[in-house]
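1. show me how the following folds:
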Amino acid sequence: MIIKTSKPKKSVNKNSINIKSFILINSIFLIFGFLFLFLIIKNTQNIRDLAFQKGFRAINPESVSSAIKRFPKQYFKSKFSEFSSDIPKLIIDINFKNFKRLEKKVNTAKSLEIIIQEENDLVPATLRIDNKSIKAQIRIKGDNLDHVIGNKWSFRIETSKDDALYGMRRFSIQNPIVRGFQGQYLIDQTRKIYDLISLNRLLVDVIVNGENVGIMEIEEHFSKELLERNERKESVIIKFDESEYFELDTIYNYTNSVIDVFGKGTVEKNQTLKKYNQIATGLLRSFVDGELLASEVFDEKEMGMFYAINRVWGADHGNRWGNLRFYYNPYTGKLQPIGYDDNFHERLGYSNPINDEFFSQVIKDRLVYREYLKSLKKLTQDILEGKKLFNDFKCTS
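-> Here you go, the predicted structure:
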């Protein structure tokens, strides 16, 4: 009798299967990647033309070919190299109940397609960085949904009275995309170089309740510390309140907006700051109502340079009335601009005119207009002659 014996089953090496799957998937990705790059090469001129229309000027055949040459090396480096960075790690701890409140806020915003700020939005949180623990209040910040992409939620943070993070007691932590990545930093540094008030910003690697959120940007808020760092005398910072804009749209603008002050509670308790607020608000309202010229209200040199910098960088979003902030200088009795929300990734093409109504009203004043042209000329010279601006960037980076 012949007895058949079953052959022993071969053991399956799961690691071998995973490696084969990895190689197959990446091979397919590379094939499609090179095909995509081939199509880009064949259409380089069309891509360049489109980029020029959008305001980009650094795209040329050399940069495209250079990117293609670097692609294989960078791709495999990203896959097989360990990520390392000297970016500081910021840990945010929020208890379960309060985190759910923030989560509900995010979900509501997504269903409404807009973030609506309310008075009771702040919740307690603890920040930990460099072995230091900081008590704070935290809320979801922003208006549009780019502030709540995935788990990269933008936060407005206020630390307790005795604590500060990098010298800041009020600041935002946000997805770098909302300001155009490094573009906003370059604009801020340009303002700093030309002695305008500029915000402090830096990158941190954020962990929220144990979940690694990734690289986020810290952006300084409008406060006493901001003025001290910019070597300005303590005073008030005012703005047009645009909270009704998202409901009323274009019928609501700077001509019928309420003028508000940052740190209202502190201002109301301080007689000097209260007086400054009354003067600053009166100046801005008088300009809006046509009772005073722009040069009687604003520091014409700073306004001229502010608009020139925005023009050079294409930061038209920063010209918009709802994104402007003004510091009242007690020594000159005039308002000085503070820029912050420039949306570098939405920048205006160099050949497109600025159509903002507030900008048009300010620039009608011949004194402001003259300073604007002088500043444009200076910026252009500093860029093209001797590369002064680029050397200054090296010093401030």
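2. what comes up buried for stretch 347-363?
-> Within stretch 347-363, the residues that count as buried by 16 or more other Cβ atoms under 10 Å are 347, 348, 356, 358, 359, 361, 362, 363. For the C-beta atoms, the positions are set from N, CA and C on the backbone; glycine is no exception.
3. now for the residues you listed: which two are most distant?
-> Using Cβ to Cβ, the buried residues of stretch 347-363 span at most 22.3 Å, a distance reached by 347 and 361.
4. so which of the buried residues of stretch 347-363 are in strands?
-> Nothing among the buried residues of stretch 347-363 maps onto strands, per DSSP state E.
5. using a markdown table, please lay out the residues you listed together with distance to residue 223 and pLDDT.
-> Listed next are the buried residues of stretch 347-363 as a markdown table, based on distance: Cβ to Cβ, whole Å; pLDDT from 0 to 100:
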| residue | distance to residue 223 | pLDDT |
| --- | --- | --- |
| 347 | 27 | 75 |
| 348 | 30 | 73 |
| 356 | 27 | 81 |
| 358 | 24 | 90 |
| 359 | 26 | 91 |
| 361 | 28 | 92 |
| 362 | 25 | 94 |
| 363 | 29 | 93 |
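6. go through those residues and say which is closest to residue 210.
-> When those are compared for distance to residue 210 (Cβ to Cβ), residue 347 comes out closest, at 37.2 Å.
7. list the contacts of the closest one.
-> Contacts for residue 347 (Cβ atoms under 8 Å, 6 or more residues apart in numbering) come out as 55, 180, 183, 313, 314, 315, 316, 317.
8. could you do residue 224 as well?
-> Residue 224 sits next to 234, 263 when contact means Cβ under 8 Å, 6+ apart.
9. again, but for residue 364
-> Residue 364 makes contact with residue 294 under the criterion Cβ under 8 Å, 6+ apart.
10. now it: how far from residue 372?
-> 11 Å (Cβ to Cβ, to the nearest Å).
11. got a list of what the nearest residue to residue 219 once chain neighbours are set aside touches?
-> Nearest non-adjacent residue to residue 219, counting by Cβ to Cβ, 6 or more residues apart in numbering: residue 172, 4.5 Å away. Shown in contact with residue 172 (Cβ under 8 Å, 6+ apart): 141, 154, 155, 156, 157, 218, 219, 221.
12. just the ones of the residues you listed in strands?
-> 155, 156, 157, 218, 219.
13. which one of those residues sits closest to residue 383?
-> residue 219 (25.8 Å).
14. I'd say that closest one and residue 174 touch.
-> Yes: using Cβ atoms under 8 Å, residue 219 makes contact with residue 174 at a distance of 6.3 Å.
15. one step back: please flag which of the contacts of residue 347 sit within helices.
-> Secondary structure from DSSP state H places 183, 313 of the contacts of residue 347 in helices.
16. would you turn the contacts of residue 347 into TSV with pLDDT?
-> What follows is the contacts of residue 347, written out as TSV (pLDDT from 0 to 100):
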residue	pLDDT
55	44
180	78
183	82
313	88
314	84
315	84
316	82
317	83
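17. most neighbours out of the contacts of residue 347, which is it?
-> Counting neighbours by other Cβ atoms under 10 Å, residue 315 comes out on top of the contacts of residue 347 with 27 neighbours.
18. now the residue nearest to residue 219: how far from residue 193?
-> 23 Å.
19. now do residue 241
-> From residue 241 to residue 193 the distance is 31 Å (Cβ to Cβ).
20. show me where pLDDT drops low in the stretch 201-350 of the chain?
-> Low-confidence segments of the stretch 201-350 of the chain (pLDDT under 70): 244-250, 350.
21. neighbours of residue 255, how many?
-> 13.
22. name the nearest residue to it, sequence neighbours excluded.
-> Closest residue to residue 255 apart from its sequence neighbours, by Cβ to Cβ, 6+ apart: residue 288 at 5.8 Å.
23. hang on, isn't the one you found packed against residue 258?
-> No: when contacts are counted by Cβ under 8 Å, residue 288 is not listed as touching residue 258 (11.3 Å).
24. for residue 113, what are its contacts?
-> The contact partners of residue 113, taken as Cβ under 8 Å, 6+ apart, are residue 145.
25. and it, how far is that from residue 257?
-> Between residue 113 and residue 257 the computed distance is 23 Å (Cβ to Cβ).
26. ok, now residue 371?
-> Residue 371 is 26 Å from residue 257, by Cβ to Cβ.
27. ok, these two, which is more surrounded?
-> residue 371 (23 against 18).
28. that one: which element?
-> helix 366-384 (DSSP states H and E).
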